[in-house]
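Novice: this one's sequence-less:
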């Protein structure tokens, strides 16, 4: 089980959380203007790296807030968590390792 | 980990069944991935289409990936016409496969029950039985007493948290011995002239002028006229090498096996609602699978709470299992599509073919998947069975939503 740092509540067991897939997917500015390919890409295509991945989690059984996690999908190592509206790089959120 | 090391850690597999090959500088067709689907693709290319200048490239050892990590359930009772046609074709191939490969796959049509635990599942189950029959797929609806009669050890008491209200039954469904499938296809493909190359990881895909021209591997570059990516959970990584982005996400899917027990479970039982599916292997082990772990992963392991929940459901459904000891758990990496249906066929890159997104249920499709992909590679056109499973359906919106028949329980 993962031990996840919620940027509001601190470290909690994975069972308190709900997974939300990749972070930082922006809604198209003008959905009606884009092509079917671009719309399909927005709806269905996500990065799927073997390595560091930015993803959303919801602290369902805690503060009930969404946040972001930078996690390595090949090792399950959690690099850092950061709040919505922040980017992983400018984050002042909880960290589990120095970087 | 080297192949030698991996073999020492696991078990000896009968590599003398097929020729161990050194990679040549070029082939007509390269199949990337030596799992069930890749080997079946190579076999049908040779057998049905007369192509023999083929190499199967496997990064680890043959039979070390998902082909030997799945829970071996075979059935074809999917809802939509496209899926029913694909999986039923596959099931019909299974029915003659041991004879065709002259290799005993221990294919056993012992029947597959899909339990319904609430009114919605009852309605969906009956709907699917009707849809299956219209598509020529054998299917029956059993009420609670019918389930008890077919599988006496299922707890059908009405005071369960998730009571058994009925089940669909596909009598032609069942199980097979999964590593035999890999070995059988490998043996016959090798006899037909296919090179099977283990310990050869693809590190790059060469594309020139919109056309695939070969691959880079840990054992040197190999050129080819056609390249087929058939590497299960790791396909996104491979596809990215060719500049392709795929609508798949990789997740761990966990399974467990018990010690050897007296034969008590004569069929496959699956439940989507409580996330458990179980069969008893011929040797006597209970083989169980869970739902996928929610997060993306390539680590071939999952979280314990997933199998804890699954065991709780299994023990409630089968009180007779409560003293059984689970010997080991493991995970495979499955690539899941948004509509729980696979992608099989052409890509925007000429000469590059794709077979992915089988998610949690690819084993049952091994023969049909290989058959249709071989047709597509040989002719350059989709087979009528895999045409609906094209990559461009995500742009056109022609999704084949099989979450009900495929989403969790396989």
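Specialist: Received, thanks. Only a predicted model underlies this, so the values are computations on that prediction, with no experimental measurement involved.

Novice: Now the phi/psi pair for the residue nearest the centre of chain A, please.
Specialist: The residue lying closest to the centre of chain A (CA atoms, centre = their mean) is residue A:55, at 2.0 Å. When read as degrees, to the nearest 10, the backbone of residue A:55 gives phi -140, psi 160.

Novice: any idea how far residue B:388 is from it?
Specialist: 31 Å (CB to CB, to the nearest Å). Using the backbone N, CA and C atoms, a C-beta is placed for each residue, glycine as well.

Novice: Also residue B:236?
Specialist: From residue B:236 to residue B:388 the distance is 22 Å (CB to CB).

Novice: between those two, who's got more neighbours?
Specialist: Just comparing residue B:236 and residue B:388: by other CB atoms under 10 Å in any protein chain shown the higher neighbour count belongs to residue B:236, 25 against 19.

Novice: Counting neighbours, what do you get for the nearest residue to the more buried one once chain neighbours are set aside?
Specialist: Closest residue to residue B:236 apart from its sequence neighbours, by CB to CB, 6 or more residues apart in numbering or on different chains: residue A:48 at 3.8 Å. Applying other CB under 10 Å, we find 26 residues neighbouring residue A:48.

Novice: Wait, residue A:48 touches residue B:247, no?
Specialist: No - the pair residue A:48 / residue B:247 is not scored as a contact, 9.2 Å apart, by CB atoms under 8 Å.

Novice: Next, residue B:97: secondary structure please.
Specialist: Under DSSP: H, G, I helix; E, B strand; the rest coil, residue B:97 falls in the helix class.

Novice: Next up, the contacts around it.
Specialist: Going by CB atoms under 8 Å, 6 or more residues apart in numbering or on different chains, residue B:97 touches B:105, B:107, B:181, B:184, B:367.

Novice: again, only using 7 Å
Specialist: B:105, B:107, B:367 (CB atoms under 7 Å, 6 or more residues apart in numbering or on different chains).

Novice: List just the nearest of those to chain A.
Specialist: residue B:367 (27.1 Å; CB to the nearest CB).

Novice: and the host helix or strand of that closest one, what does it pack onto?
Specialist: For residue B:367, the host element (DSSP states H and E) is helix B:366-379. Other helices and strands packing on helix B:366-379, by 3 or more CB pairs under 7 Å, 6 or more residues apart in numbering or on different chains; DSSP states H and E, are helix B:36-49, helix B:81-101, strand B:222-229, strand B:343-346, strand B:352-356.

Novice: what is the orientation angle of the second one with helix B:366-379?
Specialist: Angle of helix B:81-101 versus helix B:366-379, following axes from the mean of the first three to the mean of the last three CA atoms, to 10 degrees, is 100 degrees.

Novice: Same question for the first one.
Specialist: Between helix B:36-49 and helix B:366-379, the angle comes out at 50 degrees (the same axes, to 10 degrees).

Novice: contact partners of helix B:36-49?
Specialist: With CB under 7 Å, 6+ apart as the test, helix B:36-49 has contacts from B:29, B:31, B:51-52, B:54, B:56, B:67, B:181-182, B:185-186, B:188-189, B:192-194, B:228, B:230, B:355, B:362-363, B:366-367, B:369-371, B:373-374, B:377-378.

Novice: and these, which are buried?
Specialist: Buried residues within the contacts of helix B:36-49, counting neighbours by 16 or more other CB atoms under 10 Å in any protein chain shown: B:29, B:31, B:51-52, B:54, B:56, B:67, B:181-182, B:185-186, B:188-189, B:192, B:194, B:228, B:230, B:355, B:362-363, B:366-367, B:369-371, B:373-374, B:377-378.

Novice: can you list the helices and strands packed on helix B:366-379 in TSV and add mean pLDDT and distance to residue B:298?
Specialist: Below are the helices and strands packed on helix B:366-379 laid out as TSV (pLDDT from 0 to 100; distance: least, CB to CB, whole Å):
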stretch	mean pLDDT	distance to residue B:298
helix B:36-49	97	18
helix B:81-101	97	27
strand B:222-229	96	16
strand B:343-346	95	19
strand B:352-356	94	14
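
Novice: Kindly present those as CSV, with separate columns for distance to residue A:37.
Specialist: Listed next are the helices and strands packed on helix B:366-379 as CSV, based on distance: least, CB to CB, whole Å:
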stretch, distance to residue A:37
helix B:36-49, 27
helix B:81-101, 22
strand B:222-229, 20
strand B:343-346, 15
strand B:352-356, 17
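
Novice: List the beta-bridge partners for the residue lying closest to residue B:387 once chain neighbours are set aside.
Specialist: Counting by CB to CB, 6+ apart, residue B:387 lies nearest to residue B:345, which is 7.2 Å off, once chain neighbours are set aside. Taking DSSP bridges as the rule, residue B:345 bridges to residue B:354.

Novice: thinking residue B:345 is in contact with residue B:389, fair?
Specialist: Yes - assessed by CB atoms under 7 Å, residue B:345 is found in contact with residue B:389 at 6.5 Å.

Novice: ok so residue A:54 is a strand residue?
Specialist: Yes - with three-state DSSP as the criterion, residue A:54 is part of a strand.

Novice: From one end of stretch B:319-329 to the other, what's the distance?
Specialist: 21 Å (CA to CA, to the nearest Å).

Novice: Next, the buried residues of it.
Specialist: B:321, B:324, B:326, B:329.

Novice: Adding pLDDT and secondary structure, write those residues out as JSON lines.
Specialist: Below are the buried residues of stretch B:319-329 laid out as JSON lines (pLDDT from 0 to 100; DSSP: H, G, I helix; E, B strand; the rest coil):
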{"residue": "B:321", "pLDDT": "94", "secondary structure": "helix"}
{"residue": "B:324", "pLDDT": "93", "secondary structure": "coil"}
{"residue": "B:326", "pLDDT": "91", "secondary structure": "strand"}
{"residue": "B:329", "pLDDT": "92", "secondary structure": "strand"}
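
Novice: Return the member of those nearest to chain A.
Specialist: For the buried residues of stretch B:319-329, the minimum distance to chain A (CB to the nearest CB) is 13.5 Å, reached by residue B:329.

Novice: The closest one and residue B:254 touch, don't they?
Specialist: Yes - checked against CB under 7 Å, the pair residue B:329 and residue B:254 is within contact range at 5.9 Å.

Novice: Show me where the chain has its helices.
Specialist: As the question left the chain open, I've gone with chain A. For chain A, the helices defined by DSSP state H cover A:36-44.

Novice: that answer is for a different chain, and I need it for chain B
Specialist: With DSSP H, the ranges of helices along chain B come out as B:3-9, B:36-49, B:81-101, B:119-134, B:144-150, B:178-191, B:235-241, B:304-317, B:366-379, B:393-396, B:403-406.

Novice: which strands and helices sit next to the fifth one?
Specialist: Identification of packing neighbours for helix B:144-150 by 3+ CB pairs under 7 Å, 6+ apart yields strand B:166-170.

Novice: Give me the sheet partners of the strand it packs on and which way each runs.
Specialist: Neighbouring strands of strand B:166-170 in its sheet, by DSSP bridges, are strand B:112-116 (antiparallel), strand B:140-143 (antiparallel).

Novice: where does the chain have low pLDDT?
Specialist: Going with chain A. Flagging of chain A using pLDDT under 70 yields the residue ranges A:88-99.

Novice: should've been chain B
Specialist: B:1-15, B:233, B:235, B:406-410.

Novice: Can you pull the residues of chain A lying near chain B?
Specialist: Counting by CB under 7 Å from any CB of the partner chain, the residues of chain A lying close to chain B are A:1-2, A:14-15, A:19, A:36-37, A:40, A:44-46, A:48, A:50, A:53, A:55, A:73-76.

Novice: Next to chain A, which bits of the stretch 301-410 of chain B? Give me the list.
Specialist: So far as CB under 7 Å from any CB goes, the stretch 301-410 of chain B lies against chain A at B:303-305, B:338, B:394-396.

Novice: Farthest from the middle of chain A: give me that residue.
Specialist: Outermost residue of chain A (CA atoms, centre = their mean): residue A:33, 27.9 Å.
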